[in-house]
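In: next come a sequence and a model predicted from it.
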Amino acid sequence: MGTLRLSITDAPSCGYDAVNITIEKVRVHQSASAAAGDSGWSEIVLAPAKRVNLLDLSNGVLQELGQTALPAGKYTQLRLLLAANGAGPPFANSVVPTGGSETALDTPSAQQSGLKLNTDIDVPPDQVADFVLDFDACKSVVKRGNSGRYNLKPVISVIPLLSDAGMRVVGFVHPAIASGSTLVSLQSAGVPVKATMPDASGQFVLYPVPAGTYDLVVTSPGHATAVMTGVPVVTTAYTHVSSATVPIAPAGAASAPRAVAGTVTPPTATVRALQSFSGGPTVETAFAPVNATSGAFGFSLVIDAPVKTTFVVNPPSLTFVPDPTAAGRYTIEATAEGVVKTQPIDANAPVPDVNFVFP
(Lines give C-alpha, C1' and ligand atoms only; values in the text may rest on other atoms or scores of the structure.)
Protein backbone atom coordinates (compact mmCIF):
# COMPACT_ATOMS: atom_id res chain seq x y z
CA MET A 1 0.00 0.00 0.00
CA GLY A 2 0.90 3.65 -0.46
CA THR A 3 -0.76 7.01 0.15
CA LEU A 4 -1.99 9.59 -2.36
CA ARG A 5 -2.30 13.20 -1.16
CA LEU A 6 -3.89 15.86 -3.38
CA SER A 7 -4.01 19.66 -3.37
CA ILE A 8 -5.49 22.16 -5.83
CA THR A 9 -4.19 25.48 -7.19
CA ASP A 10 -5.11 27.84 -10.01
CA ALA A 11 -3.78 30.09 -12.73
CA PRO A 12 -5.35 33.58 -12.86
CA SER A 13 -8.78 34.00 -14.41
CA CYS A 14 -9.60 36.60 -17.04
CA GLY A 15 -12.71 38.70 -16.58
CA TYR A 16 -14.06 37.14 -13.36
CA ASP A 17 -14.04 38.21 -9.72
CA ALA A 18 -14.71 34.64 -8.53
CA VAL A 19 -14.81 31.12 -9.96
CA ASN A 20 -16.29 28.73 -7.41
CA ILE A 21 -16.38 24.94 -7.53
CA THR A 22 -17.56 22.54 -4.83
CA ILE A 23 -15.64 19.27 -4.70
CA GLU A 24 -17.28 16.16 -3.26
CA LYS A 25 -14.66 13.56 -4.09
CA VAL A 26 -11.64 12.72 -6.21
CA ARG A 27 -11.38 9.22 -7.73
CA VAL A 28 -8.33 7.55 -9.28
CA HIS A 29 -7.92 4.33 -11.26
CA GLN A 30 -5.01 2.38 -12.66
CA SER A 31 -6.77 2.00 -16.03
CA ALA A 32 -7.20 5.00 -18.33
CA SER A 33 -10.25 3.31 -19.92
CA ALA A 34 -12.09 2.38 -16.72
CA ALA A 35 -15.73 3.46 -16.66
CA ALA A 36 -17.21 5.30 -13.69
CA GLY A 37 -19.09 2.19 -12.54
CA ASP A 38 -16.17 -0.23 -12.79
CA SER A 39 -14.43 -1.69 -9.78
CA GLY A 40 -10.90 -0.72 -8.78
CA TRP A 41 -11.48 2.96 -7.97
CA SER A 42 -9.81 4.62 -4.96
CA GLU A 43 -11.38 7.77 -3.56
CA ILE A 44 -10.61 10.88 -1.55
CA VAL A 45 -14.00 11.89 -0.12
CA LEU A 46 -14.41 15.46 1.13
CA ALA A 47 -16.97 15.43 3.93
CA PRO A 48 -18.44 17.95 3.93
CA ALA A 49 -17.90 18.91 0.30
CA LYS A 50 -15.41 21.75 -0.07
CA ARG A 51 -16.38 24.96 -1.90
CA VAL A 52 -13.29 26.64 -3.33
CA ASN A 53 -12.91 30.02 -5.03
CA LEU A 54 -10.18 29.14 -7.52
CA LEU A 55 -9.11 32.78 -7.77
CA ASP A 56 -7.90 32.60 -4.16
CA LEU A 57 -5.40 29.94 -5.22
CA SER A 58 -2.96 31.86 -7.41
CA ASN A 59 0.56 33.15 -6.67
CA GLY A 60 1.73 29.86 -5.18
CA VAL A 61 -1.24 29.19 -2.85
CA LEU A 62 -2.35 25.55 -2.51
CA GLN A 63 -5.59 24.18 -1.02
CA GLU A 64 -5.22 20.66 0.37
CA LEU A 65 -8.01 18.28 -0.61
CA GLY A 66 -7.04 15.26 1.48
CA GLN A 67 -5.37 11.88 1.19
CA THR A 68 -6.19 8.19 0.98
CA ALA A 69 -4.40 4.86 1.32
CA LEU A 70 -4.45 2.78 -1.86
CA PRO A 71 -2.53 -0.03 -3.59
CA ALA A 72 0.92 1.09 -4.73
CA GLY A 73 1.32 1.47 -8.48
CA LYS A 74 0.65 3.75 -11.45
CA TYR A 75 -2.68 5.56 -11.76
CA THR A 76 -3.62 6.80 -15.23
CA GLN A 77 -7.14 8.19 -14.70
CA LEU A 78 -8.52 10.77 -12.27
CA ARG A 79 -12.09 11.95 -11.92
CA LEU A 80 -13.12 15.11 -10.07
CA LEU A 81 -16.72 14.96 -8.82
CA LEU A 82 -18.46 18.26 -8.09
CA ALA A 83 -21.63 18.96 -6.12
CA ALA A 84 -24.82 19.83 -8.00
CA ASN A 85 -26.10 23.42 -8.06
CA GLY A 86 -29.23 24.33 -6.12
CA ALA A 87 -32.06 26.56 -7.29
CA GLY A 88 -30.44 29.84 -6.25
CA PRO A 89 -27.29 31.52 -4.98
CA PRO A 90 -24.95 30.83 -3.41
CA PHE A 91 -24.42 28.11 -6.02
CA ALA A 92 -22.11 25.17 -5.48
CA ASN A 93 -20.39 26.00 -8.76
CA SER A 94 -20.51 29.56 -10.06
CA VAL A 95 -18.76 32.52 -11.63
CA VAL A 96 -18.91 36.19 -10.74
CA PRO A 97 -18.11 38.19 -13.89
CA THR A 98 -16.18 41.37 -13.17
CA GLY A 99 -18.77 43.98 -12.28
CA GLY A 100 -21.57 41.38 -12.36
CA SER A 101 -23.44 39.06 -10.01
CA GLU A 102 -23.04 35.40 -9.16
CA THR A 103 -24.12 33.11 -12.01
CA ALA A 104 -24.40 29.34 -11.95
CA LEU A 105 -21.61 27.43 -13.70
CA ASP A 106 -23.02 24.50 -15.68
CA THR A 107 -21.05 21.29 -15.02
CA PRO A 108 -23.32 18.34 -15.98
CA SER A 109 -20.67 15.62 -16.33
CA ALA A 110 -18.99 16.66 -13.09
CA GLN A 111 -21.92 15.42 -10.98
CA GLN A 112 -22.60 12.18 -12.89
CA SER A 113 -19.31 10.48 -13.78
CA GLY A 114 -16.87 13.26 -12.83
CA LEU A 115 -14.47 15.46 -14.76
CA LYS A 116 -12.12 12.93 -16.37
CA LEU A 117 -8.36 13.56 -16.54
CA ASN A 118 -5.61 11.39 -17.98
CA THR A 119 -2.80 11.23 -15.44
CA ASP A 120 0.57 9.66 -14.76
CA ILE A 121 0.56 9.26 -10.97
CA ASP A 122 3.10 6.93 -9.36
CA VAL A 123 2.31 5.87 -5.80
CA PRO A 124 5.35 4.13 -4.23
CA PRO A 125 4.83 1.47 -1.56
CA ASP A 126 4.98 2.75 2.04
CA GLN A 127 5.35 6.36 0.86
CA VAL A 128 3.17 9.44 0.37
CA ALA A 129 2.76 10.64 -3.23
CA ASP A 130 1.94 14.38 -3.32
CA PHE A 131 0.22 15.74 -6.44
CA VAL A 132 -1.38 19.09 -7.28
CA LEU A 133 -4.41 19.66 -9.51
CA ASP A 134 -3.44 22.84 -11.36
CA PHE A 135 -6.76 24.33 -12.53
CA ASP A 136 -6.68 27.00 -15.25
CA ALA A 137 -9.90 28.91 -14.60
CA CYS A 138 -9.33 31.40 -17.43
CA LYS A 139 -9.31 28.61 -20.03
CA SER A 140 -11.93 26.50 -18.26
CA VAL A 141 -14.88 28.92 -18.09
CA VAL A 142 -16.71 29.39 -21.40
CA LYS A 143 -19.46 31.93 -22.05
CA ARG A 144 -22.51 30.38 -23.73
CA GLY A 145 -23.65 32.82 -26.42
CA ASN A 146 -25.70 35.78 -25.13
CA SER A 147 -27.66 33.62 -22.71
CA GLY A 148 -25.78 34.88 -19.67
CA ARG A 149 -24.86 31.26 -18.85
CA TYR A 150 -21.42 29.71 -18.49
CA ASN A 151 -20.06 26.23 -19.08
CA LEU A 152 -17.16 24.53 -17.34
CA LYS A 153 -14.72 23.02 -19.85
CA PRO A 154 -11.93 22.08 -17.44
CA VAL A 155 -8.26 22.60 -18.27
CA ILE A 156 -6.40 20.90 -15.43
CA SER A 157 -2.81 19.64 -15.13
CA VAL A 158 -1.74 17.06 -12.54
CA ILE A 159 1.73 17.96 -11.22
CA PRO A 160 3.86 15.91 -8.81
CA LEU A 161 4.90 17.86 -5.72
CA LEU A 162 8.44 16.54 -5.30
CA SER A 163 9.84 18.99 -2.76
CA ASP A 164 8.60 22.05 -0.93
CA ALA A 165 12.17 23.39 -1.03
CA GLY A 166 12.01 24.23 -4.73
CA MET A 167 9.77 23.87 -7.77
CA ARG A 168 9.05 27.59 -7.71
CA VAL A 169 10.09 30.85 -9.36
CA VAL A 170 9.92 34.07 -7.34
CA GLY A 171 10.30 37.61 -8.62
CA PHE A 172 8.93 41.12 -8.81
CA VAL A 173 7.42 43.29 -11.51
CA HIS A 174 7.45 47.07 -11.13
CA PRO A 175 4.67 48.24 -8.76
CA ALA A 176 3.27 50.40 -11.58
CA ILE A 177 2.04 47.24 -13.36
CA ALA A 178 1.18 45.24 -10.21
CA SER A 179 -2.49 44.79 -11.09
CA GLY A 180 -4.96 42.07 -11.92
CA SER A 181 -4.42 42.62 -15.63
CA THR A 182 -0.69 41.78 -15.55
CA LEU A 183 0.11 38.13 -16.19
CA VAL A 184 3.38 36.32 -15.46
CA SER A 185 3.87 32.84 -16.90
CA LEU A 186 6.52 30.18 -17.31
CA GLN A 187 6.43 28.60 -20.75
CA SER A 188 8.06 25.66 -22.47
CA ALA A 189 8.17 25.73 -26.29
CA GLY A 190 5.37 28.33 -26.30
CA VAL A 191 3.09 26.38 -23.94
CA PRO A 192 2.35 27.94 -20.51
CA VAL A 193 3.23 25.58 -17.67
CA LYS A 194 2.28 27.89 -14.78
CA ALA A 195 0.89 31.42 -14.65
CA THR A 196 -0.10 33.93 -11.98
CA MET A 197 -0.76 37.60 -11.27
CA PRO A 198 1.58 39.67 -9.09
CA ASP A 199 0.37 40.88 -5.72
CA ALA A 200 0.01 44.57 -4.85
CA SER A 201 3.74 44.88 -4.14
CA GLY A 202 4.63 43.40 -7.53
CA GLN A 203 5.79 40.06 -6.16
CA PHE A 204 4.85 36.87 -7.98
CA VAL A 205 5.32 33.21 -7.09
CA LEU A 206 5.00 30.49 -9.71
CA TYR A 207 4.49 27.18 -7.89
CA PRO A 208 4.49 24.23 -8.29
CA VAL A 209 6.58 23.96 -11.47
CA PRO A 210 8.21 20.73 -12.69
CA ALA A 211 12.02 20.87 -12.78
CA GLY A 212 13.33 22.15 -16.12
CA THR A 213 14.28 25.28 -18.04
CA TYR A 214 11.63 27.79 -19.07
CA ASP A 215 10.88 31.15 -20.66
CA LEU A 216 9.36 33.71 -18.27
CA VAL A 217 6.76 35.88 -20.04
CA VAL A 218 5.28 39.12 -18.63
CA THR A 219 2.30 40.69 -20.39
CA SER A 220 0.58 43.86 -19.20
CA PRO A 221 -1.90 46.13 -21.03
CA GLY A 222 -0.17 49.23 -22.38
CA HIS A 223 3.31 47.72 -22.11
CA ALA A 224 5.64 45.75 -24.33
CA THR A 225 5.75 42.00 -23.83
CA ALA A 226 8.86 41.05 -21.81
CA VAL A 227 10.53 37.63 -21.99
CA MET A 228 13.36 36.20 -19.89
CA THR A 229 14.87 33.04 -21.40
CA GLY A 230 16.73 30.19 -19.72
CA VAL A 231 14.98 30.30 -16.33
CA PRO A 232 15.97 27.14 -14.39
CA VAL A 233 13.65 25.37 -11.97
CA VAL A 234 15.02 22.79 -9.52
CA THR A 235 13.49 20.77 -6.69
CA THR A 236 16.01 21.85 -4.05
CA ALA A 237 15.90 25.67 -4.06
CA TYR A 238 13.86 28.70 -5.12
CA THR A 239 14.72 30.41 -8.41
CA HIS A 240 14.79 34.22 -8.02
CA VAL A 241 14.47 36.06 -11.33
CA SER A 242 14.16 39.64 -10.03
CA SER A 243 13.80 41.56 -6.78
CA ALA A 244 11.92 44.50 -5.30
CA THR A 245 14.97 46.70 -5.99
CA VAL A 246 15.57 45.22 -9.48
CA PRO A 247 12.05 44.50 -10.76
CA ILE A 248 10.91 43.53 -14.25
CA ALA A 249 9.63 46.80 -15.74
CA PRO A 250 8.45 46.51 -19.37
CA ALA A 251 8.47 49.80 -21.27
CA GLY A 252 5.18 51.57 -21.85
CA ALA A 253 3.74 51.01 -25.32
CA ALA A 254 3.98 53.96 -27.69
CA SER A 255 1.07 52.74 -29.83
CA ALA A 256 -2.47 51.71 -29.01
CA PRO A 257 -3.08 47.95 -29.08
CA ARG A 258 -4.65 46.34 -32.12
CA ALA A 259 -8.05 44.66 -31.84
CA VAL A 260 -8.11 41.32 -33.64
CA ALA A 261 -11.33 39.30 -33.87
CA GLY A 262 -12.72 36.27 -35.64
CA THR A 263 -14.66 33.03 -35.30
CA VAL A 264 -13.83 29.37 -34.97
CA THR A 265 -15.95 26.35 -35.85
CA PRO A 266 -16.61 24.29 -33.80
CA PRO A 267 -16.88 26.68 -30.83
CA THR A 268 -15.31 24.06 -28.56
CA ALA A 269 -11.92 24.95 -30.11
CA THR A 270 -9.29 27.03 -28.29
CA VAL A 271 -7.56 30.09 -29.74
CA ARG A 272 -4.35 31.83 -28.71
CA ALA A 273 -1.82 34.37 -30.04
CA LEU A 274 1.87 33.48 -30.41
CA GLN A 275 4.82 35.81 -31.01
CA SER A 276 8.27 34.72 -32.23
CA PHE A 277 11.55 36.48 -31.45
CA SER A 278 14.43 36.51 -33.91
CA GLY A 279 16.45 33.48 -32.94
CA GLY A 280 13.67 32.34 -30.57
CA PRO A 281 11.78 31.72 -28.49
CA THR A 282 8.15 31.60 -29.56
CA VAL A 283 5.81 32.47 -26.68
CA GLU A 284 2.10 32.67 -26.04
CA THR A 285 1.14 36.30 -25.44
CA ALA A 286 -2.65 35.99 -25.22
CA PHE A 287 -5.40 33.40 -24.87
CA ALA A 288 -8.84 34.24 -26.27
CA PRO A 289 -11.98 32.82 -24.65
CA VAL A 290 -14.25 31.40 -27.38
CA ASN A 291 -18.00 31.98 -27.16
CA ALA A 292 -19.50 28.49 -26.68
CA THR A 293 -22.42 29.27 -29.00
CA SER A 294 -21.15 31.61 -31.75
CA GLY A 295 -17.48 30.66 -31.79
CA ALA A 296 -16.51 34.34 -31.67
CA PHE A 297 -13.20 35.39 -30.12
CA GLY A 298 -11.15 38.55 -29.82
CA PHE A 299 -7.69 39.80 -28.82
CA SER A 300 -6.11 43.12 -27.96
CA LEU A 301 -2.53 42.74 -29.18
CA VAL A 302 0.49 44.94 -28.45
CA ILE A 303 2.07 46.50 -31.55
CA ASP A 304 5.30 47.66 -29.93
CA ALA A 305 8.39 45.46 -30.19
CA PRO A 306 8.63 42.74 -27.53
CA VAL A 307 11.75 42.77 -25.36
CA LYS A 308 14.01 39.93 -24.25
CA THR A 309 16.78 39.18 -21.76
CA THR A 310 18.55 36.07 -20.43
CA PHE A 311 18.30 34.75 -16.88
CA VAL A 312 21.22 35.72 -14.63
CA VAL A 313 21.62 34.81 -10.97
CA ASN A 314 21.28 37.89 -8.71
CA PRO A 315 21.54 40.49 -11.51
CA PRO A 316 22.57 44.03 -10.44
CA SER A 317 20.21 45.28 -13.17
CA LEU A 318 17.91 43.92 -15.87
CA THR A 319 18.42 44.95 -19.50
CA PHE A 320 15.69 43.89 -21.91
CA VAL A 321 16.55 44.27 -25.60
CA PRO A 322 13.75 45.11 -28.10
CA ASP A 323 13.24 42.88 -31.14
CA PRO A 324 11.85 45.24 -33.83
CA THR A 325 11.42 42.45 -36.38
CA ALA A 326 8.78 40.88 -34.13
CA ALA A 327 6.83 44.11 -33.54
CA GLY A 328 3.14 43.59 -34.26
CA ARG A 329 3.70 40.18 -35.86
CA TYR A 330 1.75 37.26 -34.44
CA THR A 331 0.51 33.82 -35.30
CA ILE A 332 -3.09 33.09 -34.34
CA GLU A 333 -3.43 29.41 -33.47
CA ALA A 334 -6.67 27.43 -33.14
CA THR A 335 -6.89 23.88 -31.81
CA ALA A 336 -9.83 21.47 -32.01
CA GLU A 337 -9.71 17.78 -31.10
CA GLY A 338 -5.94 17.73 -31.35
CA VAL A 339 -5.87 19.37 -34.80
CA VAL A 340 -3.99 22.69 -35.00
CA LYS A 341 -4.48 25.46 -37.56
CA THR A 342 -2.52 28.71 -37.70
CA GLN A 343 -2.74 32.07 -39.46
CA PRO A 344 0.03 34.70 -39.37
CA ILE A 345 -1.06 38.32 -38.97
CA ASP A 346 0.59 41.74 -39.02
CA ALA A 347 -1.04 43.93 -36.38
CA ASN A 348 0.84 47.03 -37.53
CA ALA A 349 -2.19 47.64 -39.76
CA PRO A 350 -5.89 46.78 -39.29
CA VAL A 351 -6.35 43.02 -39.40
CA PRO A 352 -9.29 41.37 -41.26
CA ASP A 353 -11.35 38.89 -39.27
CA VAL A 354 -9.45 35.68 -38.60
CA ASN A 355 -11.71 32.70 -39.17
CA PHE A 356 -11.04 28.99 -38.66
CA VAL A 357 -13.18 26.06 -39.74
CA PHE A 358 -12.35 22.51 -38.69
CA PRO A 359 -13.91 19.56 -40.49
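Out: Thanks, I have the structure now. Residues are numbered from 1 along each chain as shown.
In: from here on, just use CA atoms for contacts and neighbour counts.
Out: Noted.
In: let's see the pLDDT reported for Ser181.
Out: Here, the pLDDT recorded for Ser181 equals 87.
In: so what's it closest to, chain neighbours aside?
Out: Nearest non-adjacent residue to Ser181, counting by C-alpha to C-alpha, 6 or more residues apart in numbering: Ser220, 6.3 Å away.
In: burial of that neighbour, as a residue count?
Out: When neighbours are defined as other C-alpha atoms under 10 Å, Ser220 has 21 of them.
In: try Ser147
Out: With other C-alpha under 10 Å as criterion, Ser147 counts 8.
In: so it versus Cys14, what's the distance?
Out: 19 Å (C-alpha to C-alpha, to the nearest Å).
In: and for Leu117?
Out: 23 Å.
In: can you pull up the bridge partners for Glu333?
Out: In this entry, Glu333 is beta-bridged to Arg272, Thr342, by DSSP bridges.
In: shouldn't Ile156 be in contact with Leu133?
Out: Yes. Counting by C-alpha atoms under 8 Å, a contact exists between Ile156 and Leu133, whose distance comes to 6.4 Å.
In: is it true that Thr309 lies in a strand?
Out: Yes. Assigned with DSSP: H, G, I helix; E, B strand; the rest coil, Thr309 falls within a strand.
In: close enough to count as contact, it and Asp323?
Out: No. With contacts counted by C-alpha under 8 Å, Thr309 stays clear of Asp323, the gap being 10.7 Å.
In: show me where the stretch 101-250 of the chain has its strands.
Out: Remark: strands assigned in the stretch 101-250 of the chain by DSSP state E, counting those that start in this stretch are 103-106, 115-123, 128-136, 141-144, 149-152, 156-160, 169-172, 183-188, 191-196, 203-206, 212-219, 226-233, 239-240.
In: who does the third one pair up with?
Out: This points to strand 128-136. Each strand paired with strand 128-136, and its direction, by DSSP bridges: strand 2-11 (parallel), strand 156-160 (antiparallel).
In: ok so, going back, can you redo the strands of the stretch 101-250 of the chain as a markdown table with distance to Asp56 and mean neighbour count?
Out: Below are those laid out as a markdown table (distance: least, C-alpha to C-alpha, whole Å; neighbours: other C-alpha atoms under 10 Å):
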| stretch | distance to Asp56 | mean neighbour count |
| --- | --- | --- |
| strand 103-106 | 17 | 22 |
| strand 115-123 | 21 | 19 |
| strand 128-136 | 12 | 21 |
| strand 141-144 | 16 | 21 |
| strand 149-152 | 18 | 19 |
| strand 156-160 | 16 | 20 |
| strand 169-172 | 18 | 22 |
| strand 183-188 | 15 | 24 |
| strand 191-196 | 11 | 22 |
| strand 203-206 | 14 | 24 |
| strand 212-219 | 21 | 21 |
| strand 226-233 | 24 | 21 |
| strand 239-240 | 23 | 20 |
